[in-house]
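Q: Output the structure for:
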Amino acid sequence: MSRRNCLRVLKNLLAIRTLFLVPIAFLAPLKILEDGEPESRCAYVLVVMAILWLTEALPIPVTALMPVFLMPMLGLLPGPTICAAYVNDTSMLFLGGLIVAVAVEEVNLHKRIAIGILSLVGSQPNLLMLGLMLPTWFLSMWISNTAATSMMVPIITAVASQMSELEPNKISQNGGVRNNGFDDVEDSVSNADTDVSMTNGNAGMEQEDEPKDEKEKKQREESIKKMSKGFALCVAYAANIGGVATLTGTPPNLILQGQANELYSRLSEADSGITFAKWMGFGLPLSIIVLLLSWIWLQIMFLGFSCFKKQNPKERKAIKLVIEGEKKKLGGITFGEIVVMLVFGTLALLWIFRDIPGFGGWKVLFRENSKGPFVKDSTSAMLVAVSLFFLPAKLPRVFCWNKYDVSESSNKPKYRPILTWKNTVLRIPWGVIILLGGGFALASATSASGLSKKVGCSLRILDSFEPWVMNLILSLVIAGATEITSNSATATILMPIMAELAINTGSHPLYLMITAAVACSFAFMLPVATPPNAIVFSTGYIKIPDMALAGLVMNVLAVLVLNLGINTWGSALFDLDTVPSIFGNSTSSTCDPVTATVAAFQANFTTAYAQSTTSQALSSFTTSSTVIAQTLVNITSEAIGMTTTTQSLPSGFVMPAG
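A: Model prediction:
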């Protein structure tokens, strides 16, 4: 078969890959179902979904809908329980944040923030890089990192184009007049005085200088090319890093909150304590440190030490022209921008001051019960989101405000809100909300079936390491894995496993869960890792080797800062040094059947003894004896089913006297 025919066959197979990848995903792991245990059935679902998420044979949100029919059909959880996981407090918080983000984009407030910061930082290459990073980083805390990156790409392209057009000064053969579109009038006058016609001898000298000019031109082109690479990558990195700073900044943060709340609610009536304010206290400093390190690293790699040199006045003027041009396109600040800015600031303040550790917050104004306050971060998000559908984008043209405008076709009374549902529904990424729900459903099933506990027990080999070493190893592995998989899908699979691993090794479950969630956002190496990476790669300024080399160092730096943060101020914020009592009771027995059985015997024996001493009735004594006998039978059956093991009674066990 010729090479051309082979390529044709491969193209045809690639076109129909979904038709054979989906059946393979369901058939390949069938062996897992052989023993029929709940853990095995849940593991089968997990493997099927992992294959489909990894290959993207089906859209990622479509795969996230599979628990709705797979879990009930395999007898893991009833349908209503699974469906209820798709809409909860966390998904409503995310939806409210998305609606506010749509409003910011609708009135072009994000562009005004970006251009305003760029005009302040100046045009020096290293400062311009910082000017590109700051607005992208800030906006990706609140709007999608895809939108923040897409907004900055035209600015990068315009700056690179202007820099490329600034060629070295040329001397024409017909009189030696310089040709530069960015010269000032004064420069032109002085050039006219100095540039005179060349004699034959001078012409010969000019020809000797041509190789030197050509070399300088190539060096300049190479410098501009490297600068463009740095500008493109700095925007992608800033978008990825900014999402870490806030709870709504990126889906893995919300997956963490939702699954942590679910974990706590199963064992107690309290929630995990992950609030917007607490997360920002942890994520914002972490994000700032990683942002500064990425700025320094990209300068070293793409700008070298040229950032300390004096900038060419023509380059400075060209960059200013680009920024001024973008500012003119925006025009003056509008009424809608002011309204959205006020609403946006109000939402941020409501999130931050709802629950302040040690001080309370505005939540005390409303009712609460044993599970905590009635108002949550989703309350603020939805309150502000709904207000955007009736607050006006312009002053309503009614009564005394109904003035004649030549740009309007009629002078009828008019009112337009900032958002309309018809427009908003098209711009909200519903797939991400479904993915969040699928993650919560999968987490519920892995916990209910015992799969997460089984996997956590199998990873107890890591218990021989210090907690911080184990955390560092896991975060490095996760940061590498998320380069080729969806960060949301990775977080969805890992959260219940990290929780059980932490419990079984005697650590606070949030210690590993927070690290894993944040590590999922540190994907800097490949275009497929995150949408911002793919967007800047599509500009053509960077190649995969450039991104891989720069991203490898960034992955390591980000993970090191993450581990520093979680072991210092993160530990203080979330009280990670103290394992909650609801988890402490399970650390010694969840992975050891002998210890678990003996613990059960101790509990039942003590209960039986208490019953026999508090009541002298024969019926009570008979009941107590039956409980003890049944416990002994259970211990015997456990011992028969296990390999010979010498195990002493747990320390602290005291046989009741009498």
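
Q: For the rest of this, base every contact and every neighbour count on C-alpha atoms.
A: Noted.

Q: Spatially central residue in the protein, please.
A: residue 250 (3.4 Å; Cα atoms, centre = their mean).

Q: Which pLDDT value does the model give the nearest residue in space to that residue that is not next to it in sequence?
A: Nearest residue to residue 250, sequence neighbours excluded (Cα to Cα, 6 or more residues apart in numbering): residue 243, at 5.0 Å. On the pLDDT scale, residue 243 is placed at 91.

Q: same thing with residue 295?
A: 94.

Q: Which positions within the helix or strand encompassing it qualify as buried?
A: Here residue 295, judged by DSSP states H and E, is contained in helix 276-298. For helix 276-298, burial by neighbour count (16 or more other Cα atoms under 10 Å) applies to 276-284, 286-291, 293-295, 297-298.

Q: Residue 86 belongs to a helix?
A: No. The assignment for residue 86 (DSSP: H, G, I helix; E, B strand; the rest coil) gives coil, which keeps it out of a helix.

Q: residues in contact with it?
A: For residue 86, the contacting residues are 434, 436, 437, 438, 440, 441, by Cα atoms under 8 Å, 6 or more residues apart in numbering.

Q: switch to 10 Å and redo it
A: Residues near residue 86 by Cα atoms under 10 Å, 6 or more residues apart in numbering: 64, 65, 68, 433, 434, 435, 436, 437, 438, 439, 440, 441.

Q: Who wins on neighbours among those?
A: Counting neighbours by other Cα atoms under 10 Å, residue 440 leads the contacts of residue 86 with 32 neighbours.

Q: isn't there a helix covering that residue?
A: Yes. The assignment for residue 440 is a helix, going by three-state DSSP.

Q: And it, how close does it get to residue 3?
A: Per Cα to Cα, to the nearest Å, residue 440 is found 47 Å from residue 3.

Q: One more: residue 258?
A: Note on residue 258: its distance to residue 3, by Cα to Cα, is 51 Å.

Q: Those two: which has the busier surroundings?
A: Here residue 258 and residue 3 are compared on neighbour count by other Cα under 10 Å; more neighbours surround residue 258, at 25 against 8.

Q: pLDDT at the more buried one, what is it?
A: At residue 258, the pLDDT value in this model is 88.

Q: residue contacts, it?
A: By Cα under 10 Å, 6+ apart, the residues touching residue 258 are 85, 88-91, 252, 271-272, 274, 436-437, 439-440, 443, 495.

Q: do the same with residue 257
A: Residue 257 makes contacts with 89-90, 247, 251, 263, 271-276, 279, 495, 510, 513-514, 517, as judged by Cα under 10 Å, 6+ apart.

Q: Name the residues of the strand or helix carrying it that are buried.
A: Remark: residue 257 resides in helix 251-267, with elements defined by DSSP H and E. By neighbour count on 16+ other Cα under 10 Å, the buried set for helix 251-267 is 251-264.

Q: Quick check: the gap between the residue lying closest to residue 544 once chain neighbours are set aside and residue 490.
A: Taking Cα to Cα, 6+ apart, and ignoring the residues beside it in sequence, residue 544 has residue 526 as its nearest neighbour in space, at 6.7 Å. To residue 490, residue 526 is 16 Å away according to Cα to Cα.

Q: Over to the residue nearest to the centre of the chain: give its phi and psi.
A: phi -150, psi 150 (degrees, to the nearest 10).

Q: if I look at it, how far off is residue 232?
A: Using Cα to Cα, which is the criterion applied here, residue 250 is 21 Å from residue 232.

Q: Residue 296 too?
A: Distance from residue 296 to residue 232, by Cα to Cα: 15 Å.

Q: Now do residue 376: how many residues are near it, please.
A: Neighbourhood size, residue 376 [other Cα under 10 Å]: 18.

Q: Revised request: answer the last question for residue 359.
A: 8.

Q: Which pLDDT value goes with it?
A: With respect to pLDDT, residue 359 has a value of 73.

Q: what's the answer for residue 337, then?
A: With respect to pLDDT, residue 337 has a value of 91.

Q: can you pull the contacts of it?
A: Neighbouring residues of residue 337 by Cα under 10 Å, 6+ apart: 103-110, 112, 343, 393-394, 418.

Q: So it, which state does it fall into?
A: Secondary structure, three-state DSSP: residue 337 is helix.

Q: Now do the strands in the chain.
A: Using DSSP state E, the strands assigned to the chain run over residues 368-369, 372-373.

Q: who wins for proximity to residue 354 among the ones you listed?
A: strand 372-373 (10.0 Å; Cα to Cα).

Q: Need the residues that contact that closest one.
A: Outside strand 372-373, the residues touching it (Cα under 10 Å, 6+ apart) are 269, 270, 271, 273, 355, 363, 364, 365, 366, 367.

Q: got the contact list for the closest residue to residue 377 other than its chain neighbours?
A: Of all residues not flanking residue 377 in the chain, residue 351 sits nearest, at 6.0 Å (Cα to Cα, 6+ apart). Residues near residue 351 by Cα under 10 Å, 6+ apart: 247, 275, 276, 277, 280, 362, 376, 377, 378, 379, 380, 381.

Q: shaky segments in the stretch 101-250 of the chain?
A: 123, 163-213 (pLDDT under 70).

Q: if you set the cut-off to 50 instead, what comes out?
A: Within the stretch 101-250 of the chain, the ranges that satisfy pLDDT under 50 run 167-206, 208.

Q: Do a quick rundown of the helices in it.
A: Shown for the stretch 101-250 of the chain, the helices assigned by DSSP state H, counting those that start in this stretch span residues 109-121, 125-140, 145-165, 185-194, 200-242.

Q: between the ones you listed, which gets nearest to residue 332?
A: Among those, helix 109-121 comes nearest to residue 332, with 9.8 Å by Cα to Cα.

Q: CA atoms only for that closest one, dumped as CSV, please.
A: Extracted in CSV, the C-alpha atoms of helix 109-121 (Å, rounded to 0.1, in the frame of the first residue of the first chain):
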residue,chain,number,x,y,z
LEU,A,109,-15.6,47.1,30.6
HIS,A,110,-12.9,44.4,30.4
LYS,A,111,-11.3,46.1,27.3
ARG,A,112,-11.3,49.5,29.1
ILE,A,113,-9.6,48.0,32.1
ALA,A,114,-7.0,46.3,29.8
ILE,A,115,-6.2,49.4,27.8
GLY,A,116,-6.1,51.6,30.9
ILE,A,117,-3.5,49.4,32.5
LEU,A,118,-1.4,49.3,29.3
SER,A,119,-1.4,53.0,28.9
LEU,A,120,-0.1,53.3,32.5
VAL,A,121,2.8,50.9,32.4
